[in-house]
Each structure stands twice: as C-alpha cells, then as structure tokens.
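Participant: quick one, structure for this:
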Amino acid sequence: MDTLVDDVPGKNKKEIPKSVHREKIVYSVCLCASYLTCGWNLAEIGSALLDLKQLTSVSLEAASLYQTFFNVGYFAGSLLCGVLYKKINKFIFQFFSLLIVAIALVIIPWCHEHIAMVTAHCFVGVSGGIIDSVVNAEMLAIWGEEGRSYVQAMHFTYALGGIISPIITAQFLAPKSNHSDVIISLTNNNASYIYVPNNLTITQSAHYDNQSNSFSNCSSFPEISTSLDTIRNSTVVSNSFYETSRIYIAYSISASLCLLIGLPYLFMFFTFDLSKIRTGRTLKEEKASPDLSRLDTILVLINFGIMAGIYVAIEESFSGFLNAFCVNRLDWSTVDGSYVTSVFYGCFGFGRLIAVLWVKYLNPKKILSVFCIALFLMFASILIYAIYYLNAGMWLTAALTGLFIAVIYPTIFTWTEEDFLPVSGKISSYFNITSALGGTINPILVGTLMDVYSPLWYTYLLMGESLILLMTCIGGMALSRKLRQKLQQSGQVDYADQEGQLM
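Facilitator: This is a model prediction of the structure:
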C-alpha cells in the first residue's frame, strides 16, 4: 500500500496516496507546459507581424486583424469550453486542442491570402481559449485555495513561452530593407496591391484613371508601372520573399512543440484517474460564499471581468505592437524590435518566477494598486522616450513593465477563488471571454490609430487603460472588504487567519 503524504501545507491537511500525489504533480507539469504554448504563440504573432503583413500584402491596420481574430477565436474557444467543460474528458480536450494549434501553425506561413491568414489565426485562438480555460480551472481543482504558488508557477511558464518565442522567431525574420511601408490598394477588376520600397520618398498620392487605364499624378512613384496590365501580370509577394524571410521554419518549430506537449495527455487519458487527482476542493468549497448575495456576485464578476479584459488588452497590445512601434517610431530594425519584446517577456517571466516564492508570504492583491500606478508611469516614460528618441530608455522601460505587470492576471483567479467563489470551468471561461474581448478590440484601435495618425497613439491608449485597471483593482478591494464585514457580523471569520491574510 502506498505511503500517505500531506497534500497541502497549513492547518487543513489531507492525506492522499503517494501514487496519486505523483499523478497530481505530473498533471500540474503538463498544465504548465500547455500554458507555455499560449504565451509562445501569442508572442510569435507580435514578433512575426511585419513578415506576416508582407506575406499577405496588407497595411499594418489590416495586419492587426491577425491578433484581433486570434482573440475572436480565443473568445469562441473560451465560450465553447464553458459549455463542454463538464461533458468532455479534460485530457482529450487538451490533446485535440494542441493538435489543432499545431496544424494551424504549420499552415500560417503559407497563407498568401489575407482571409486565409485571418482564419488560421482564428483557429489558433479557438484552441488557445480552450487551453487557457482548462488549465486555470484544473490547476485550482487540483490544489484548491492552497494553489496560489502553483497558479503563479503555471503563469510563469506562459511568460517563459513569451521569452523564448521571439528569440527563435527573430532568427528567421526578413531584414528591415525587405519590408515596405506604403501600400496602394487598387479596386479595379483583378488588381491587388503594389509595394513601394522604403528608400522612396513619397509626397503625393497616385490615382487610377479608369478611362486611360493608367495612373495619374504619380511623379513621386518612379518605380511604379503606369499600366494596369503590367500590374496584373506581376507577382505580389512572390517566392523571392522566402529567400529573406524563413518564417515558416519558426512556425514549424512552434507546431512541433505543441504536438509534443499534447502527446502526454493521450497517455494520461488511458492511465490516470482524473477523479482522484482533482481533490483540491471539498464539497463545501465548490459553492460560493453564502454571504455573497446575487448582486454581490454580479458585481464581482463584472469587476474582475473588466480587470481581466483590460489587463489582456494592455499586455497583448504592448507586446504585440512593441516591435512595430520601435520600427516605425524609433527607426529600429525588426530584429531589435523582436529582441526588446523578448526582454519584456524575460522580465515578465522573472516577475512571475519570484512571485511563486513571495506569494506565500505577501498577498499580491494588497499591492496591485502599486503595480497599476507603476504601469501608468512606465507608459508615460515610453511616450517621453519616443518623442526624444531615447533608445536606452525604451529597453529599460520594457523590462520594468514586464516586472510590474507579471502577477496581475494570475491574481485575478486566486483572488476570486480565495475571497468570493470557486473558479470552476464556467468562471474560468468567463474570465477568458472577457480577456478575449479586450484583446480583440484593442489591436484594432492600436493598429488603426498607429497607421492612420501616429505611432504615439500606442502610448496614449496604454496610459488610459492602466488607469482603468487601477480603478478595477480598487473596486475589487472594496468588494472584498464588504464581504469580510459580512463574515465578521455572522461570526464566520477566523480573526487569526484574517490577520495572516493582510500580511
């Protein structure tokens, strides 16, 4: 018979068989690996954005739809997970989600049509939404309220994926000279797009005359043919682009990683007993606090849903458009822009790594407001650096932003679990749905405003959203205090435990 071991530290200990404890650890490691792919794939979109833009012959505004539809897919995947979570085995759910991601990643570098590229990113998002919802709910189902460090560790692997992915992707990107900044869209018959090289100075716009079948007012475009027939017979983004951009290699590596991480779930499906692993909560803990009224529950879900949405809007827009911002505003190379993205994720990951240790002793929800204020100051600093072209400051601020933002998202889940209601599959899906909404809307705003007006809008939006994040943090503290007062009045609070939580 297996030796019994303590499942969790603290005053409420559970004794479980050693073999089950090992299975819980193995399952937790696999969940962490799954979450690594979410960070990896998201970071790859931002790093490869300009190459993907070139492959499909679109503007930056149109290319921002790749991240937008990735988040649309995330929304759909999270919604699907909320509906099917209790009906499908979690191991099979994870395996097929990772398999679909792998297939979509292989296809992406060969999508020359804009609609095909958008669709492929949507499929990656659908699977990503399922994975995200499952891993957050399952990690808390395994460890319960004692899972604060485990959740931080899992979110660290998400950041780790964001660290490694841009470094690998950067090795296969096209050099800056192969990227075009100006695109002329022709809507006549079968005409598509024409690229104007970066070394041309464009001061006027060209117009197509239907009667003469040629361009007018194109003195500023010396390398553009004035014949529409010539344009029709030319190739747009021919195979020559693959001589400078080998982005298909980076995406093949990503697909292989997803497939390798998915295979253990197939093994666990046949060998592990899921009901014995998911023992982190008692039956009593499966229900919301009895002192939490319907109105309070709605306010909690709205507040933390907005917090999740704004957080993801900030994180994904900052990392996803950081490369483009550095190239277009600070005149960096795409490789340097990819590296500063990796620096952000490196500090982001380091912040989550050290959080695995300090969350045992300090309650992160008590200092979230400090992090939110620090984020606002970071984005204000980026605005100053961009105005005065202070490159060194950009590297430093990207690093500090990663540190300050690191613990916010996992804290949303643990804070909800500890103070309000258990993060079930439906609650986890809800948070991912609101997150996907933030990630869907923001790239459109950022891409459009940067493309049409100025790259500085990148900083304006982030500054405003950091203030909204601070407001939701304060709102969460007010709701937590209100519930604590109700518990005190009903005599359900352990004052010694409450005093420990304030540390």
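Participant: what lies in contact with stretch 422-436?
Facilitator: 71-72, 74-75, 77-79, 81-82, 85-86, 125, 129, 132-134, 136-137, 140, 281, 285-288, 301, 304-306, 308-309, 311-312, 412-413, 416-417, 421 (CB atoms under 8 Å, 6 or more residues apart in numbering). From N, CA and C alone the C-beta is placed, and that goes for glycine too.
Participant: let's see that with 7 Å instead.
Facilitator: Residues outside stretch 422-436 that contact it (CB atoms under 7 Å, 6 or more residues apart in numbering) are 71, 74-75, 78-79, 81-82, 85-86, 129, 132-133, 136-137, 140, 281, 285-286, 301, 305-306, 308-309, 312, 412-413, 416-417, 421.
Participant: could I get the CA-only coordinates of it as PDB?
Facilitator: The C-alpha coordinates for stretch 422-436 follow below in PDB (Å, rounded to 0.1, in the frame of the first residue of the first chain):
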ATOM      1  CA  PRO A 422     -14.600  28.800  -6.800                       C
ATOM      2  CA  VAL A 423     -13.000  29.200 -10.200                       C
ATOM      3  CA  SER A 424     -14.900  26.500 -12.000                       C
ATOM      4  CA  GLY A 425     -14.700  25.700 -15.700                       C
ATOM      5  CA  LYS A 426     -17.500  28.300 -16.300                       C
ATOM      6  CA  ILE A 427     -15.900  31.000 -14.300                       C
ATOM      7  CA  SER A 428     -12.500  30.400 -15.900                       C
ATOM      8  CA  SER A 429     -14.200  30.500 -19.300                       C
ATOM      9  CA  TYR A 430     -15.900  33.800 -18.400                       C
ATOM     10  CA  PHE A 431     -12.600  35.400 -17.500                       C
ATOM     11  CA  ASN A 432     -11.100  34.200 -20.700                       C
ATOM     12  CA  ILE A 433     -14.100  35.500 -22.700                       C
ATOM     13  CA  THR A 434     -13.700  39.000 -21.200                       C
ATOM     14  CA  SER A 435      -9.900  38.700 -21.700                       C
ATOM     15  CA  ALA A 436     -10.500  37.900 -25.400                       C
END
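Participant: what residues sit buried inside that stretch?
Facilitator: Neighbour-count burial for stretch 422-436, counted by 16 or more other CB atoms under 10 Å, picks out 422-425, 427-436.
Participant: output those as JSON lines; include the columns secondary structure.
Facilitator: Below are these laid out as JSON lines (DSSP: H, G, I helix; E, B strand; the rest coil):
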{"residue": "P422", "secondary structure": "coil"}
{"residue": "V423", "secondary structure": "coil"}
{"residue": "S424", "secondary structure": "coil"}
{"residue": "G425", "secondary structure": "helix"}
{"residue": "I427", "secondary structure": "helix"}
{"residue": "S428", "secondary structure": "helix"}
{"residue": "S429", "secondary structure": "helix"}
{"residue": "Y430", "secondary structure": "helix"}
{"residue": "F431", "secondary structure": "helix"}
{"residue": "N432", "secondary structure": "helix"}
{"residue": "I433", "secondary structure": "helix"}
{"residue": "T434", "secondary structure": "helix"}
{"residue": "S435", "secondary structure": "helix"}
{"residue": "A436", "secondary structure": "helix"}
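Participant: name the weakest-confidence residue in those, if you would.
Facilitator: Lowest pLDDT of these: G425, 70.
Participant: next secondary structure after the helix or strand encompassing N303?
Facilitator: Assigned by DSSP states H and E, N303 belongs to helix 294-330. Scanning forward in sequence from helix 294-330 by DSSP H and E, the next helix or strand is helix 334-358.
Participant: tell me the angle of the next helix or strand after that following helix relative to helix 294-330?
Facilitator: Counting by DSSP H and E, the next helix or strand C-terminal to helix 334-358 is helix 368-388. Angle, helix 368-388 to helix 294-330, by axes from the mean of the first three to the mean of the last three CA atoms, to 10 degrees: 20 degrees.
Participant: which elements pack onto helix 368-388?
Facilitator: With contacts taken as 3 or more CB pairs under 7 Å, 6 or more residues apart in numbering; DSSP states H and E, helix 368-388 sits against helix 391-405, helix 408-419, helix 457-490.
Participant: got a ChimeraX select line for the buried ones in the contacts of stretch 422-436?
Facilitator: Restricted to buried positions by 16+ other CB under 10 Å, the ChimeraX selection for those reads:
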select :71,74,75,78,79,81,82,85,129,132,133,136,137,140,281,301,305,306,308,309,312,412,413,416,417,421
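Participant: what's the helix holding N303 packed up against?
Facilitator: Other elements packing on helix 294-330 under the criterion 3+ CB pairs under 7 Å, 6+ apart are helix 18-47, helix 49-56, helix 60-84, helix 334-358, helix 391-405, helix 408-419, helix 425-452, helix 457-490.
Participant: which one of the ones you listed lies nearest to C372?
Facilitator: The closest of these to C372 is helix 457-490. By CB to CB, the value is 3.8 Å.
Participant: count the neighbours of A380 for me.
Facilitator: Taking other CB atoms under 10 Å as the neighbour definition, A380 ends up with a count of 15.
Participant: that should have said S149, apologies.
Facilitator: S149 has 16 neighbouring residues, counting by other CB under 10 Å.
Participant: that's a helix at it, yeah?
Facilitator: Yes: judged by three-state DSSP, S149 forms part of a helix.
Participant: thanks a lot, see you next time.
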